[in-house]
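[1] Quick check, what structure comes out for this input:
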Amino acid sequence: MTRNLQNSPADRDIYAVTDDESGLSIKQFMTAIRQRSRIVWATVLLCLLIGAALIVLPPPQYTVAFIAYPAQSDSDKSGLSGTLSSLAAPLAGLIGSSATSDVQPFDLYMQLIMSPRLTQQLVAIDKDALPKIFYKEWDPVTQKFYPPHDPLSITVRAFDYVFGLPAYEPPTPARLATWLSDYLTITPINSTSMNQISFLTPYPAFGNRFLKEMSSLADGIIRDEALKLTDIQIAYLENKLAQTQTVDYRATLLSLLSQEETTRMSINKDLPYAAAVLQGSYATDLPTWPNALAITAIALVVGFIMGAFAALTAAMIWPLGAQVVPSRYRVVTVYRRAMGYILTVDNKVPVAAE
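    I've put the predicted structure just below:
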């Protein structure tokens, strides 16, 4: 049995365009939407349900952060980059080196905290790094990684499979470095050299420990590189000094050697070398994501926009209303009746004036 949901003759005139008309007016569009307001409200409700799922289902995310600044100023020539800059010209004539770029230890630090070199050491000393960062893929029962089963991940893997892209691989230090590049937030503070470094995690205690380890390892790597470079330069200058008898040449070498010895003594393992921490790592008391207010507002806006578009689409496809075909199956019958109710045209809405 077929039931036709039809409009009045006056309503049909809304969609009839005469030869003298060039198109539909805004009032006619609004009338079409109002006559199908059930579609709009159903779409808004659907978006709110999706938003509620995004709020309730994912684990709450906390922001962990710390504030770092350069341990040595640009004018401090005892640092690695300062030493290289000041010695660039003399050493160019002695050992054939070219002028070095003005890269500060803090610049190296900011790049190193997101590098595979650092994450490899992080994973080696902290066995929770990969399971806590990639918690969606970690099974605490089997202690193994598996592909995530959320709809988005399944869709991405299906897309990769269709186009012959690489299959799923368990997390690695290189993948952790990529994750840090994507999700580690670095925010300059008031246009100063200070930076707030933060990321979101459902495990605030782990996040605090992870940031401390990351900062300490990065600073230590840069300090060790500075020590190696300084020791190499000292050994070279001492060797050159032992082979040189010219007074002026020896005076230059002694001056350079004195600077290198000063630099060597200034690299103290008990003090920060590249980056000093102004505010140690801390976590927010309350979850910062999901943000229920923001998600609800976005769901409402998107719902109304999509609902209006769906109402106009229904007006073009079913200008006189939808047809409901009964079914022997109870679930299908309920669904069809619900859709028939939503797609029913409200004849009580006044027709827009031509």
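[2] What's the local residue count around F206?
    For F206, the count of nearby residues is 19 (other CB atoms under 10 Å). Glycine gets a C-beta too; all of them are placed from N, C-alpha and C.
[3] ok, it touching D128?
    Yes - between F206 and D128 there is a contact at 5.8 Å, judged by CB atoms under 8 Å.
[4] Quick check: the most centrally placed residue in the chain vs W289, distance?
    Nearest residue to the geometric centre of the chain (CA atoms, centre = their mean): Y183, 3.6 Å. Using CB to CB, to the nearest Å, we find Y183 at a distance of 12 Å from W289.
[5] Overlap in contacts, those two.
    With contacts defined as CB atoms under 8 Å, 6 or more residues apart in numbering, the residues adjacent to both Y183 and W289 are L200.
[6] mind checking which helix or strand S215 is in?
    Assigned by DSSP states H and E, S215 belongs to helix 204-243.
[7] Can you mark which positions in the next helix or strand after that helix are buried?
    Downstream of helix 204-243, the first helix or strand assigned by DSSP H and E is helix 247-266. Neighbour-count burial for helix 247-266 flags 252-253, 256-257, 259-260, 263-264, 266 (criterion: 16 or more other CB atoms under 10 Å).
[8] and if you look at stretch 136-156?
    For stretch 136-156, a neighbour-count test (16+ other CB under 10 Å) marks 137-138, 145, 148 as buried.
[9] same deal with stretch 178-192?
    So for stretch 178-192, counting by 16+ other CB under 10 Å, buried means 179-180, 184.
[10] Columns secondary structure on top of the residues you listed, output as JSON lines?
    Shown next, in JSON lines, are these (DSSP: H, G, I helix; E, B strand; the rest coil):
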{"residue": "W179", "secondary structure": "helix"}
{"residue": "L180", "secondary structure": "helix"}
{"residue": "L184", "secondary structure": "coil"}
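[11] Among those residues, which one lies nearest to N190?
    Checking the buried residues of stretch 178-192 against N190 by CB to CB gives L184 as the nearest, at 20.3 Å.
[12] shouldn't that closest one be in contact with M110?
    No - checked against CB under 8 Å, the pair L184 and M110 is beyond contact range at 10.3 Å.
[13] Now for those two: what residues contact both?
    Counting by CB under 8 Å, 6+ apart, nothing touches both L184 and M110.
[14] For the stretch 51-200 of the chain, just list every one of the helices.
    Per DSSP state H, counting those that start in this stretch, the stretch 51-200 of the chain carries helices over the ranges 80-95, 105-112, 116-125, 129-133, 151-162, 173-183.
[15] With respect to P202, which of the ones you listed lies nearest?
    Per CB to CB, nearest to P202 of the helices of the stretch 51-200 of the chain: helix 129-133, 8.4 Å.
[16] can you list contacts of the closest one?
    The contact list for helix 129-133 (CB under 8 Å, 6+ apart) reads 119, 122-123, 138, 140, 145, 171, 176, 179, 201, 203, 206, 210.
[17] Send me it as PDB with only the CA atoms.
    Taking Å, rounded to 0.1, in the frame of the first residue of the first chain, the C-alpha atoms of helix 129-133 are listed here in PDB:
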ATOM      1  CA  ALA A 129      56.600   6.000  26.000                       C
ATOM      2  CA  LEU A 130      55.200   4.200  23.000                       C
ATOM      3  CA  PRO A 131      52.300   2.500  24.900                       C
ATOM      4  CA  LYS A 132      51.100   5.800  26.500                       C
ATOM      5  CA  ILE A 133      51.500   7.900  23.400                       C
END
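[18] So what's the gap between that helix and the chain middle?
    16 Å (CA atoms, centre = their mean, to the nearest Å).
[19] try stretch 172-187
    9 Å.
[20] what comes into contact with it?
    Residues contacting stretch 172-187 (CB under 8 Å, 6+ apart): 110, 113-116, 118-120, 122-123, 129-130, 133-134, 169, 195-200.
[21] Check stretch 280-297 too.
    Stretch 280-297 is contacted by residues 48, 51, 54-55, 58, 60-66, 200, 204-205, 207-209, 211-212, 215 when judged by CB under 8 Å, 6+ apart.
[22] Would you mind measuring from Q35 to Q28?
    The gap separating Q35 from Q28 is 11 Å, by CB to CB.
[23] quick one: which of those two has more around it?
    For Q35 versus Q28, neighbours defined as other CB under 10 Å are more numerous around Q35 (24 against 20).
[24] In this structure the more buried one contacts V345, no?
    Yes - Q35 is within contact range of V345, at 5.1 Å (criterion: CB under 8 Å).
[25] pLDDT value on A226, please?
    Per-residue pLDDT puts A226 at 89.
[26] circling back: what comes up buried for the helix holding S215?
    Under the neighbour-count criterion of 16+ other CB under 10 Å, helix 204-243 has 204, 206-211, 213-215, 217-219, 221-223, 225-227, 230, 233-234, 236-237, 240 buried.
[27] between that helix and helix 247-266, how big is the angle?
    160 degrees (axes from the mean of the first three to the mean of the last three CA atoms, to 10 degrees).
[28] quick revisit: among the contacts of stretch 172-187, which ones are buried?
    110, 113-115, 118-119, 122-123, 129-130, 133-134, 195, 197-200.
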